[in-house]
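Engineer: pasting the sequence and the predicted model now:
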Amino acid sequence: MSQTFHKKEHICLRRDIETLFSAGSRSLSLFPLRVTYRCVEPASEQPAVKVLLSVAKRRLRHAVDRNCVKRRIREAYRTQKNLLCDSLAPDVRLHLAFVWLADKPLPSALIRQRMETALRRIAENLQKEAEKTEENCPVSDEK
């Protein structure tokens, strides 16, 4: 998979954002990031994973700092998104939100490490859920 992060991979629609943060979503916190994710209905011509980045003005007052943190999160995701995308089933679509929790910019290496851990955990959780649904709904070949 290529290491790109195109506009079509961004969550832009308000209804998608509201759905992502509504009931039924899962989240995990790995300081300085909180990751919220939700499986969505597959739609044609959509990437497997769409992402939202959020760095609140309340956390980082200066725009320079917010932009720097968003750039670091984007870069960490872009270089490691294959950890998640390669483990997804072909019919699964996922929306992710990365929310910044720290009160100051942190080093790129730390963000990259936490991003890797988060993506691996999400992949494991989705795989466990898929195995549970397969166990609960066995496919019968009878006609």
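Structural biologist: Good, I have the coordinates.
Engineer: so the closest residue to Ala130 other than its chain neighbours, which state does it fall into?
Structural biologist: Spatial nearest neighbour of Ala130, chain neighbours left out: Ala89 (6.4 Å); criterion: Cβ to Cβ, 6 or more residues apart in numbering. To be clear about C-beta, it is placed using only N, CA and C from the backbone, and glycine gets the same treatment. Following DSSP: H, G, I helix; E, B strand; the rest coil, we place Ala89 in the coil state.
Engineer: for Ile73, see how far away Ala89 is.
Structural biologist: Using Cβ to Cβ, to the nearest Å, one gets 26 Å for the distance from Ala89 to Ile73.
Engineer: thought Leu60 was touching Arg72?
Structural biologist: No: if you go by Cβ atoms under 8 Å, Leu60 and Arg72 don't touch, sitting 11.9 Å apart.
Engineer: which neighbours do these two share?
Structural biologist: Common neighbours of Leu60 and Arg72, counting by Cβ atoms under 8 Å, 6 or more residues apart in numbering, are Pro105.
Engineer: quickly run through the sheet partners of the helix or strand hosting Ala97, with directions.
Structural biologist: Here Ala97 is covered by strand 93-100, with elements defined by DSSP states H and E. Paired neighbours of strand 93-100 in the sheet (DSSP bridges): strand 33-40 (antiparallel), strand 49-54 (parallel).
Engineer: coming back round to it: okay, now the residue nearest to Ala130: neighbour count?
Structural biologist: A count of nearby residues for Ala89, using other Cβ atoms under 10 Å, gives 9.
Engineer: all numbers from here: first residue = 51
Structural biologist: I'll keep to 51 as the first residue from here, and by that count the last item is Ala139.
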